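[1] Show me how the following folds:
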Amino acid sequence: FVLKMHETNYDLMIVDVLNGRKPLSKRAVETLKYKKIGTKRLVFAIANVGTAASFQYYWKPTWREGSPGWISAPVRDDPDRYFVQFWRPEWQRIITGDTKSYIYGLIALGFDGVILEGMEEAYRFFETGGQEPEEEPAAAAAPASAPVPAAAPVPAAAPGPAPAPPR
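    Residues are numbered from 1 along each chain as shown. Below you'll find the predicted structure:
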């Protein structure tokens, strides 16, 4: 996957941090940062903050539906993913809380930015009393809760221009 993408000349790549269920390495991200012609490109990660996944690094073996309280029902068609109450401080600390958080980890891997997705899908889930919508949900449009060093979180499908990275 990485070598195939490296052989393109796109100015920006937006990639899932997992290739299958294995996270990209720092070396893989660095490889993606260069076009076939040798010039640099931006590489953004996609982070789903509306669901928690049992195969992610942050998942604890004791977690299950309803425990901790911000983990809700499994996502239809993917029982390893659970809707989360993304507005809860406990989940937000995992995502953006400190230098050990998910977003900081993505930046440490070398990504130039992070696109947040999944909030609208989770919002619809909770608004319908736990019934998933039949149609495919659009990407998130809510602002990120905290800036990260050397990168700007960019909500997917956000109106207006992307925020400038912190200096």
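[2] Tell me the gap between stretch 12-31 and the middle of its chain.
    Distance of stretch 12-31 from the chain centroid (Cα atoms, centre = their mean, to the nearest Å) equals 12 Å.
[3] Can you give the contact residues for it?
    1-3, 5-6, 32, 41-47, 55, 57, 106, 108-111, 115 (Cβ atoms under 8 Å, 6 or more residues apart in numbering). Placement of C-beta: from N, CA and C, glycine included.
[4] Out of the residues you listed, which end up buried?
    The neighbour-count test (16 or more other Cβ atoms under 10 Å) marks 2, 5-6, 32, 41, 43-47, 106, 109-111, 115 as buried among the contacts of stretch 12-31.
[5] Can you flag which of the residues you listed belong to strands?
    V43, F44, A45, I46, A47, I115 (DSSP state E).
[6] need these in a markdown table with distance to G69, can you?
    Output for those, formatted as a markdown table (distance: Cβ to Cβ, whole Å):
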| residue | distance to G69 |
| --- | --- |
| V43 | 35 |
| F44 | 32 |
| A45 | 28 |
| I46 | 26 |
| A47 | 22 |
| I115 | 28 |
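[7] Need the max-distance pair from these.
    The span of these, defined through Cβ to Cβ, is set by V43 and A47 at 13.5 Å.
[8] and for the two, which residues touch both?
    Common neighbours of V43 and A47 (Cβ under 8 Å, 6+ apart) do not exist.
[9] re earlier: for E90, state which of the buried ones among the contacts of stretch 12-31 is nearest.
    Using Cβ to Cβ, the buried ones among the contacts of stretch 12-31 come closest to E90 at A47, 17.0 Å.
[10] Confirm for me that that closest one is in contact with I115.
    Yes. Counting by Cβ atoms under 8 Å, A47 touches I115, with 7.1 Å between them.
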